[in-house]
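Quick one, structure for this:
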Amino acid sequence: MRSERVRLTLDGAPLVVPKGTSVAAAILSTGIGRFRDSVGGEPRGPLCAMGTCFECTVTVDGRPYVRSCLVECVDGMEVATHERAP
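Here you go, the predicted model:
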């Protein structure tokens, strides 16, 4: 069982997750399933969970289009889904 935790911000709200958690898993743990919208307006979220589909992109520390399934959460990270992305 993991005891170390990391603190990040998700859409402006604080979130604490176990060290080693991917950004995608952290977002999903909050109940959010809509990470972004497609060009046609359909909701998108993790599909492949290995970085090939690009459906789970979010903004991380101001950098848009980050594949959240490939990035590990770190202390102080700021993550924005489509709701808060610039």
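
what about this protein, any weak spots by pLDDT?
Filtered on pLDDT under 70, the chain yields the residue ranges 1-2, 83-86.

now with 50?
85-86 (pLDDT under 50).

Where do the strands of it begin and end?
For the chain, the strands defined by DSSP state E cover 5-10, 13-18, 36-37, 43-44, 57-60, 63-67, 78-80.

can you tell which of the ones you listed is closest to Ala26?
Closest approach to Ala26 among the strands of the chain (C-beta to C-beta): strand 13-18, 4.6 Å. In short, each C-beta sits where N, CA and C put it, glycine included.

Just name whatever secondary elements that closest one is in contact with.
Applying 3 or more C-beta pairs under 8 Å, 6 or more residues apart in numbering; DSSP states H and E, we find strand 13-18 packed against strand 5-10, helix 23-29.

chain center to the shortest one: distance?
Strand 5-10 has its C-alpha centroid displaced from the chain centroid by 11 Å (C-alpha atoms, centre = their mean, to the nearest Å).

That one pairs with which strands, and in what direction?
strand 13-18 (antiparallel), strand 78-80 (parallel) (DSSP bridges).

Val79: neighbouring residues, count only.
A count of nearby residues for Val79, using other C-beta atoms under 10 Å, gives 24.

pretty sure it contacts Val58?
Yes. At 5.7 Å, Val79 counts as touching Val58 under the criterion of C-beta atoms under 8 Å.

any residues in contact with both of those two?
Both Val79 and Val58 are contacted by Val23, Ile27, Ser68, under the criterion C-beta atoms under 8 Å, 6 or more residues apart in numbering.
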